[in-house]
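Chemist: need coordinates for the following:
(2 chains)
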Amino acid sequence: MPGNTTNAIDVRNAVKRYGDFTALKRISLTIEDNEFFTLLGPSGCGKTTLLRMIAGFEDVTEGEILLFGEAIAKLPPHQRPVNTVFQNYALFPHMTILENVAFGLEMRGKSKAEARTRAGEMLELVQLTQFAARKPSQLSGGQQQRVALARALAPQPKVLLLDEPLSALDLKLRKQMQLELKHLQRETGITFIFVTHDQEEALTMSDRIAVMSAGEMQQLGTPTEIYEQPRNMFVADFIGETNLLEVSVDQVMNGRATCHLGGGQALTCNSVEGIGTGAKVHMSVRPERLFMSDVPVEAESLKGRVAENIFVGTDISTLVDLAEGPQFIVRTSNSDRGNKRIFEPGSEIFVNMELGAGRLLMD
Amino acid sequence: MAHVNNDIKTYKGFRAITLLCLVVLYAPLVIVTIYSFNASQSITNWEGVSFRWYADVFTGPESAKFKTAAFNSFTIAIIAATASTAIATLAATAMVRGGNFKLRTVSFGLISLPLMVPEIVTAVATLIFFNAIGFTRGYLTILVAHIAFCIPFAYLPISARMQGIEDSFEQAAMDLYATRRQAFTRILMPLMAPGIISGFLLAFIVSLDDFIITNFVKGAGVETLPTAIFGSVKQGIKPNIMAISTMLLSVSVVMVTISYFVSKSDNTK
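Modeler: Numbers count the residues shown, from 1 in each chain, chains lettered A, B, ... in the order given. As a prediction, this is how the structure comes out:
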């Protein structure tokens, strides 16, 4: 099958083994041109391995990787038109900032003068022109990060790889850099592949996210899809906060399922493909799609007792011990306090699901 | 638990033992240095400050012998240090960057073993080796032997330096279109420079000062400074020996000092 040249990256059945250990179990995915694509997962899930395979620092045990239709799995790193922003930046300590940014251009055969001019433009783009003559050690972490970005973007790679580049920055700077990265990606039109374990970061920046765990891809989709329609337990649990209930499925029709709890209470919720009548599965419901009342108001009302209210700035999280089931978290936005009630700890209440809030999950 | 003072300064006799060690180590050097400026013919009677024995080294009856020996010593030291540093740099690159290859521990042992083996053993072994292959003894045999035994001295500071350099710098270089060779010359070599200079200076000093191995493998009539000095001393110690020893000592002190400061300078941060 000829490669589809509109895709920036085609990973086909890629496997990575280290001796007996399989780091990547047959991954296939397509990354479109111009996309901000994120590989998200806990440490050890294989996301960095996959990134390093695209960069050329790890061999591909089996399978193929195509870059705009061209097979690159056998090429050494310096022959791949992709550049990497390393986690620790890896700025050359013996070179000035300008020399660092010009390095890739010089290696690509540009004259020294030409490389420096272009490097100067890149420094302007990341607003570091006044630091051109300094050494990396004289810059702050955030500034080093921007130099690393400028250095990787300067040779105009076809794809930019970012290996957890924000993890060393403090929260405020990280938020600012998230937006800057997003803008930079739109301005340059270069495909970004971003690796992170921070789900919030992934949701904020990405066009699409691949959620990975234990060397396998769990779900691929837009941030909204991943958050609102998680495919399985791992994704629902890893992305954001969620409440889980064990249910038995009675009937599935048109994507809706009727099920019951252990004690017999009936519930209806959204189903996913692959779940049939009689299955014992988990239902997930996000804390912000729940509200409390002193009398049941919907069919999906669960009896419980308030254990604790936790103030978290914009919201209040209420922990509710369900009469039949585990502890639930109910999140009430402070701006919504007119419509939704908060109860004192110890109150006997009902937790109600908004229509369509519940969702069945594959294990 | 009560605080236990483990400070070594509180141990009984610490001061006395320290002073004794310092005196034993340095008193001979100090005395040789002082007496090299003695105006007297005798090596024990002090007759005032003079540079006559320094002049004697360069113009006296033995000056021709010392000049040839000095020329041999310095050319051998420079060539041996250069060659052993080059070999040690390549060895360190393979050892530190070569991944976990099978014989890595064995290789490291082989490289550093000569440091532990008594020098006389190396000397005899080298001599037997040269005889076995029919290598006529002379300037070249000294040079080859010096290159060989200088390698571990050059290797240690170079590999220590290299271990402190993360491999992400070379990866970043290759990611930015540098070939493996360019990554080595443009990134790794400059970062390793302090270790390499330090290794070179150590090898230079070790070669310059070597007596035992040189004495075994040198041919008749070919002398280095240490063997020439030894030859003179056998005919009785004259103050010119003290002058020449003091000059050698200052070369060593300067080299070791430079080596120390270079190895401490850090361009990776």
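Chemist: and the gap between the residue of the stretch 51-200 of chain B found nearest chain A and residue B:186?
Modeler: Taking CB to the nearest CB, chain A has its nearest neighbour within the stretch 51-200 of chain B at residue B:176, 3.4 Å off. Quick note: C-beta positions are derived from backbone N, CA and C, even for glycine. For residue B:176, the distance to residue B:186 equals 10 Å [CB to CB, to the nearest Å].
Chemist: also residue A:262?
Modeler: 67 Å.
Chemist: okay, these two: which has more neighbours?
Modeler: Just comparing residue A:262 and residue B:186: by other CB atoms under 10 Å in any protein chain shown the higher neighbour count belongs to residue B:186, 20 against 12.
Chemist: surely residue B:57 and residue B:240 touch.
Modeler: Yes: using CB atoms under 8 Å, residue B:57 is in contact with residue B:240, at 5.3 Å.
Chemist: where does pLDDT dip in the stretch 251-363 of chain A?
Modeler: A:299 (pLDDT under 70).
Chemist: break down it into its strands, ranges please.
Modeler: A:256-260, A:266-270, A:280-285, A:290-293, A:301-312, A:315-322, A:327-333, A:348-353, A:359-361 (DSSP state E, counting those that start in this stretch).
Chemist: please name the bridge partners of residue A:301.
Modeler: Beta-bridge partners of residue A:301, counted by DSSP bridges, are residue A:352.
Chemist: could you do residue A:309 as well?
Modeler: Beta-bridge pairing of residue A:309 under DSSP bridges involves residue A:318.
Chemist: how deep is it tucked in, by neighbour count?
Modeler: Residue A:309: 15 neighbours (other CB under 10 Å).
Chemist: ok, residue A:113 next?
Modeler: Using other CB under 10 Å, residue A:113 is surrounded by 9 other residues.
Chemist: in what helix or strand does it lie?
Modeler: helix A:112-125 (DSSP states H and E).
Chemist: and that helix, what does it pack against?
Modeler: helix A:97-107, helix A:141-153 (3 or more CB pairs under 8 Å, 6 or more residues apart in numbering or on different chains; DSSP states H and E).
Chemist: residues making contact with that helix?
Modeler: Helix A:112-125 is contacted from outside by A:97-98, A:101-102, A:105-106, A:110, A:129, A:131-132, A:147, A:150-151, A:153-154, A:184, using CB atoms under 8 Å, 6 or more residues apart in numbering or on different chains.
Chemist: tell me the buried residues in it?
Modeler: A:115, A:116, A:118, A:119, A:122, A:123, A:125 (16 or more other CB atoms under 10 Å in any protein chain shown).
Chemist: kindly report the residues of the stretch 151-269 of chain B close to chain A.
Modeler: By the rule CB under 8 Å from any CB of the partner chain, the part of the stretch 151-269 of chain B lying against chain A is B:166, B:168-169, B:171-180, B:182, B:186-187, B:190-191, B:267-269.
Chemist: try it again with 7 Å
Modeler: For the stretch 151-269 of chain B, the contact set with chain A under CB under 7 Å from any CB of the partner chain comprises B:168-169, B:171-172, B:174-179, B:182, B:187, B:190-191, B:267-269.
Chemist: give me the buried subset of those residues.
Modeler: Applying 16+ other CB under 10 Å to these, the neighbour count classes B:168-169, B:171-172, B:174-179, B:182, B:187, B:191 as buried.
Chemist: now those residues in a markdown table, with secondary structure and pLDDT?
Modeler: Formatted as a markdown table, those follow (DSSP: H, G, I helix; E, B strand; the rest coil; pLDDT from 0 to 100):
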| residue | secondary structure | pLDDT |
| --- | --- | --- |
| B:168 | helix | 90 |
| B:169 | helix | 93 |
| B:171 | helix | 92 |
| B:172 | helix | 94 |
| B:174 | helix | 94 |
| B:175 | helix | 93 |
| B:176 | coil | 93 |
| B:177 | coil | 93 |
| B:178 | coil | 93 |
| B:179 | coil | 92 |
| B:182 | helix | 92 |
| B:187 | helix | 92 |
| B:191 | helix | 91 |
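Chemist: show me the two of those residues that sit farthest apart.
Modeler: Within these, two members stand farthest from each other by CB to CB: B:177 and B:191, at 19.1 Å.
Chemist: show me what contacts residue 222?
Modeler: I went with chain A, as the question did not name one. For residue A:222, the contacting residues are A:207, A:208, by CB atoms under 7 Å, 6 or more residues apart in numbering or on different chains.
Chemist: that was the other one, I meant chain B.
Modeler: B:72, B:138, B:139, B:142.
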